[in-house]
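>>> give the three-dimensional model of this entry:
(3 chains)
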Amino acid sequence: MATERLYDIWAKRNPKFETHFEETLLRLFTDYGVGSSDAMSSKGKILGAGYELYIYAFFVGLYAGKKCELSGETKVLGQPIQFWGNLDSKKFRKAYPRLREYIFTALIAKTDIDLIALEKGTITEGQAVDMLKDTMEQYANYGFHAIEEKMKLNPNYFYKTTGFLDMILDFIRKPSEESNSEELEEL
Amino acid sequence: MIIKEITIENYRSYYGRHTIKFNDGLVLFVGGNGDGKTTFFEALEWLFDTTKQNIDFRLVSKKKIAELPDFGSDTLRVSMTFEHDGEKIVEKSFSFKKNQNNEIRTEDFQFKGWYNQGTERVTIHGGKLLDRCFEAAIRKYCLFKGEDNLNVFNNPGALNYLIETFSNIRHFDPYYTGDDNNFGFTDFAEYQSRKAYEKAMKSDKQNSQQENELSSKLDSLRTDLSNIRQRLKTNRENASNYANKLNEIECSKEASSLLKEINERIKSLSEKKSKLENSVNEDYTIKLLDEMWILCGFSGIFKEYQKKVNAFSKEKRRLEDEDKKLKGKQEAYQEIRTLNEGFIPLSIYIPDENSMKEMIEEEVCKVCGRESKRGTDAYNFMVDKLNELLKSQQLTEKKDEMLPFPNNFSRELEQKSISLGYSQDELNNKLDTIKEVIDFNEARKADIKKIQESIDLETENKKKLLAQNDTFTEEQLQNAYENIRNWYDYRNEAEKQIILLEKDEKEVGQELENVQIEYNNLAKTSVASTYSKVYTVFSKIQNAFKYAKEKNTRDFLSLLEEKANKYLEKLNVDGFYGIIRIITTPDNSARIALQDKNDTFVTSPNQALRTTMYMSVLFAVSELTTIKRENDYPLIFDAPTSSFAPQKESDFFNVISDIKKQCIIFSKSFLTDSGSLDTTKTDLLNCTIYRMEKKKPFDNLDLSTIQTVITPIK
Amino acid sequence: MNNKDKMLQSVLSDNNLSSFYEYNAEDFPTINDALLADNPVVVAVAKIINGIDINSEKSDQKEIYNEVFNYLNRNML
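Numbering: from 1, shown residues only, chains lettered A, B, ... in the order given. Predicted coordinates for the structure are as follows:
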């Protein structure tokens, strides 16, 4: 009988990304690759740790509704998911641990896991979490590609104050491809 | 010298090539702030600079740079074609190139001049040509950049410079300087003849003792007199300075309090602006994470999650139910009384414990909204359900019981669904929150912009105020009253000293004269008498040169005054004007003042009168230049005529147009409030007019969209 | 009337000089007129203006001085 929560198992993982994005994106917008000592942060980068851009890329893919399989060399970020958003409240930032939970719910919603089989133990938690992780990586990968495309067209796009925000809002304002029909729950 | 044509290519806001033709007479450029007037001047200044090779890439038009492809290149050029004993051209240029890193390199500086000699075209160095035809001394009184620079005596050395350049004062140098370190002839002669005289006196043994006494007395008296005169000079300068200051500060009372008000307003506006700036927080990217704005589109996805989890939970319960039925275990279900047969009960945890307790206490089902009073079936159903929930929380796992589902992830997922579900509202409102914050920031930024405009306006007013009261620094003007007491004291002290010193001067002077006569009488009886006479001749000749030099300067200034007044009469077509006086102060500087017929000074002439006054003096200086150099030179300046009455403006420019002289004037006048040309006014003018403005559309924050366009109007 | 003549006039018209040495400045409009004058002071002034100008060296000062000095010595009684 499983004693750990599914969420906790998932949170111990460390998702992958295509290595070339390190040079082109992560180093540009985050402190990734610099070392996590606070004294060295605030080199004027827009975001803090590398995972912050990862989270952003994930949501881009999620809202676009598009995934992209990883290819070529990959590597992992510096910290497993359980630490994401645990910022010390200094330098005008605020911690956002709940975001992890929302990401988790999105992955559950969008991943085709036979939950009944999981409950029965026919598939292990580990296998289930692997599938969640795949979904996560593929959404994020699409996001990274999309960000790179945008920068090719306009190198200054993300240096505007509203750059990152606008990209997300653009996806939301597009007519949604998923149906929003409401179903009454049967009591 | 007449300017025929000026070409500016790729210099700052002058994108591409601009060639403007000039005629003799008045040429007017109409343009507002930032439209390119000052840049035009600066392009000319750059052209005329013979001292350095400035090829700074920042001079290059940003728009041109933006359009250059990698490795593309182009040229920056300013050139002037002019008439000065034949047609001549002077041109300065350099080329610029963009490399692969988007950087600009400048190179190939050229500064050339061309003129015709017979049928040949001769090329010489640009600086040389300029020095020949239009050298720095002349240019100083031809180019006046900015309306605050019209007051030609604004800087201390201006008067001396004017006198040195345009009067004949330098002609006196070989004959008289009054400078012990650099003798003119008569200084030398006076000195030599005195020495000869004294030597002759000393060598006359007969009178040697008296000679010694008298000559040493003469020496010491001369030294005393010199000292007294030096101190007199200083005190007179001081007295005059403070008297002037006091006089002006009286008239600046109004200006002083206006200045205080303006400064206070600027301060409070700046504080307001600062506060607003602090309230603006545009860290939108950070907010995506810290405020979880990134979840603004999440509600649909969350609903998906809930739907999936509910379906999962329901399916699980269904299977469990089936299983229990199969295994014949009824006890779990006996406690559940169904209201209608066949429905699958909700999961044990829904509704949660608190909600259940609340509904039971209030005796109402909050799901369907109907009463469930104590004792009814509905009430009992709720109580049973709550008990089931409480029991399940205490139940420990029965290890030997074989449940079909060893795992309980559904519970985890459901709990997550509930706990995150509480923040459903928050999620739904994220978009609104984002919009609110953005709107707030934009509104604050708009307010800041307005406040900045007000600040700019006040600063502009302050600048004008200070320019009108340019005897004082800002600090002095603001602290007028504090300064007055000190200045009274200093002036009185100086005047007291002057009286004492004048008395001393007279006494010592008299004594010196007496001893000199005694000495000369001694000389009469000796061989040295001739030397004495010769010495006297040289001494008197020296003085004659000295006074001739001083008269020369006085004559020059009154000539300047006379000519300036002639222009003033012309330029102030009607209305009161007054008489221009050029007042020299003991410290060798000058100022331009206005007097009325009764010799009273007009202390604060209005802006229009000031403009006319300064321009009259400039015209006068230019006329003197023409006389001296036997060659006329153009006048180029900013004219702040916006304070003129509308009809007067046209008359003013028409008068200038009638003065047979090439004049190039940049003006902000003749523009309507919306910034377009007021043709009703320009139609009244009979001179060449060009319109100078930034080409639309442009972005005030992006220099690469700015280019000046010059359009001929007339 | 060239520059030297103008200079001559402005110096000779000095009241101090003309009254002390008793001459009339208007009698000598040009340098040449002044060089031929009876009044030794007038001649001296003309010699000075004639012999010295912007291009003179310091050594010229000495030369002219000696000339004028000797002239005055001989003619001032």
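>>> from now on I want contacts and neighbour counts done on CA atoms only, so please keep to that.
Will do.
>>> which residues of chain B lie near chain C?
B:171, B:173-175, B:185, B:188-189, B:530-531, B:533-534, B:537, B:540-541, B:544-545, B:547-548 (CA under 8 Å from any CA of the partner chain).
>>> list buried residues within the residues you listed.
Buried by 16 or more other CA atoms under 10 Å in any protein chain shown: B:171, B:173-175, B:185, B:188-189, B:530-531, B:533-534, B:537, B:540-541, B:544-545, B:547-548, out of the residues of chain B next to chain C.
>>> of the residues you listed, which belong to helices?
Judged by DSSP state H, helices contain the following of these: B:185, B:188-189, B:530-531, B:533-534, B:537, B:540-541, B:544-545, B:547-548.
>>> quick one, what contacts the residue lying closest to residue B:560 once chain neighbours are set aside?
Closest residue in space to residue B:560, ignoring its immediate chain neighbours: residue B:620 at 6.1 Å, by CA to CA, 6 or more residues apart in numbering or on different chains. Residues in contact with residue B:620 (CA atoms under 8 Å, 6 or more residues apart in numbering or on different chains) are B:560-561, B:563-564, B:567.
>>> now with 7 Å, please.
The contact partners of residue B:620, by CA atoms under 7 Å, 6 or more residues apart in numbering or on different chains, come to B:560, B:563-564.
>>> in chain A, which helix has the most residues?
If you go by DSSP H, chain A has its longest helix at helix A:125-153.
>>> buried residues in that helix?
Quick answer for helix A:125-153 (16+ other CA under 10 Å): A:125, A:128-148.
>>> and what of stretch C:8-25?
Per 16+ other CA under 10 Å, stretch C:8-25 contains these buried residues: C:8-14, C:17-18, C:23, C:25.
>>> is it positioned near chain B?
Yes - Stretch C:8-25 is in contact with chain B by CA under 7 Å from any CA of the partner chain, via C:10-11, C:14, C:17.
>>> for those residues, give me a markdown table that also has pLDDT.
Listed next are these as a markdown table, based on pLDDT from 0 to 100:
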| residue | pLDDT |
| --- | --- |
| C:10 | 92 |
| C:11 | 93 |
| C:14 | 92 |
| C:17 | 91 |
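>>> tell me the spacing between whichever residue of chain C sits closest to chain A and residue B:311.
Taking CA to the nearest CA as the measure, chain C has residue C:54 as its residue closest to chain A, at 67.6 Å. The gap separating residue C:54 from residue B:311 is 112 Å, by CA to CA, to the nearest Å.
>>> try residue B:434
Per CA to CA, residue B:434 is found 33 Å from residue B:311.
>>> more neighbours, those two?
Using other CA atoms under 10 Å in any protein chain shown, the more surrounded residue of residue B:434 and residue B:311 is residue B:434, with 20 against 13.
>>> once you drop chain neighbours, what's closest to that one?
Among residues not flanking residue B:434 along the chain, residue B:293 sits closest, at 7.1 Å (CA to CA, 6+ apart).
>>> so what's the residue count around the one you found?
22.
>>> tell me the pLDDT at it?
We have a pLDDT of 94 for residue B:293.
>>> quick check, it in contact with residue B:428.
No - in this structure, residue B:293 is not within contact of residue B:428 by CA atoms under 7 Å, at 10.9 Å.
>>> so which bits of chain C are right by chain B?
Applying CA under 7 Å from any CA, we find that chain C lies next to chain B at C:10-11, C:14, C:17, C:52-54, C:61, C:65, C:72-73.
>>> most centrally placed residue in chain C?
Central residue of chain C (CA atoms, centre = their mean): residue C:45, 1.2 Å from the mean position.
>>> avg pLDDT for the host helix or strand of residue B:3?
In the assignment (DSSP states H and E), residue B:3 maps to strand B:2-11. What strand B:2-11 shows for mean pLDDT is 93.
>>> low-confidence bits of chain C, can you list those?
C:1, C:77 (pLDDT under 70).
>>> and the longest helix along it, how far from the chain's centre?
In chain C, with assignment by DSSP H, the single longest helix is helix C:58-75. Here helix C:58-75 shows a centroid-to-chain-centroid distance of 12 Å under the convention CA atoms, centre = their mean, to the nearest Å.
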